[in-house]
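[1] Structure of the sequence below:
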Amino acid sequence: MDRHNLEQVRSYFGGYIPTDREEFFKYTLENMDVEDVRSVHNDGYCNSYPDDYIYDNDEYNFCEHFGHRNPYEVATMLEGTGWRSFHDYFKYDGYGNIVSFDCIEDEIDYDYLADYLVRNPNYIEDYVDELDILLAFACYAETLTDKEIDDIDISTLIHEDWDDVIEEIIDNREED
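    Just a heads-up that it's a prediction; the model follows:
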């Protein structure tokens, strides 16, 4: 694929070209399996925001979270929350009550998660498609040659600000 053929690249990315790491991470999240997104969310984002952890709504987790409480406490936590035993997932609502739901995509804010991943990229590294990130970066870094882009380590594109990567390459070019 020719990185200079923007229509071809835009079509490849589903209508838009990610313009920085945050947009690229959001693109990656939107194209991942929902359970993988949940893993990135729970294992990464929820280290800083544990109330947002998404649990399976099953007997095991229910007993883990509420087995030590008396029935009245549990009833109080469920009162008015819309919790349903047939929903697939639950999380805490910030007030200590639980809320259940079926659609993870409605509960995870992909913009916040992508922003978090810019500062903590280790949590998405295993899910990044190398071709996707190289292509997005190549379009972003119009001033770099194909050889300069081919020489970039994928991990660098995941972990470092793209403007800083471009600046370093240009500085090295000027030194040579």
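[2] Now do the helices in the chain.
    Assignment of helices within the chain using DSSP state H yields the ranges 6-12, 21-30, 34-40, 46-48, 59-66, 71-78, 110-119, 130-140, 146-150, 154-159, 162-175.
[3] Quick check: which of those helices is nearest to Phe90?
    Comparison of the helices of the chain against Phe90 by Cβ to Cβ identifies helix 59-66 as nearest, at 7.5 Å. (Each C-beta comes from the backbone N, C-alpha and C, glycine too.)
[4] What residues of the closest one count as buried?
    Neighbour counts over helix 59-66 (16 or more other Cβ atoms under 10 Å) mark Phe62 as buried.
[5] Run the angle between that helix and helix 71-78 for me.
    Counting by axes from the mean of the first three to the mean of the last three Cα atoms, to 10 degrees, helix 59-66 lies at 100 degrees to helix 71-78.
[6] confidence score at the closest residue to Asp88 other than its chain neighbours?
    Once flanking residues are discounted, Asp88 sits nearest to Asp102: 5.0 Å by Cβ to Cβ, 6 or more residues apart in numbering. Note on Asp102: pLDDT of 94.
[7] can you check Tyr55 too?
    pLDDT at Tyr55 comes out at 94.
[8] That one is in contact with Asp88, isn't it?
    No - in this structure Tyr55 lies outside contact range of Asp88 using Cβ atoms under 8 Å: 10.0 Å.
[9] The two: who's more crowded?
    Ranked by neighbour count (other Cβ atoms under 10 Å), Tyr55 and Asp88 place Tyr55 first, with 18 against 13.
[10] Now the more buried one. Nearest residue, chain neighbours left out?
    Using Cβ to Cβ, 6+ apart, the nearest residue to Tyr55 is Asn61, at 4.6 Å.
[11] repeat for Tyr123
    Closest to Tyr123 by Cβ to Cβ, 6+ apart is Gly44, at 3.1 Å.
[12] roughly how far apart are that neighbour and Asp150?
    30 Å (Cβ to Cβ, to the nearest Å).
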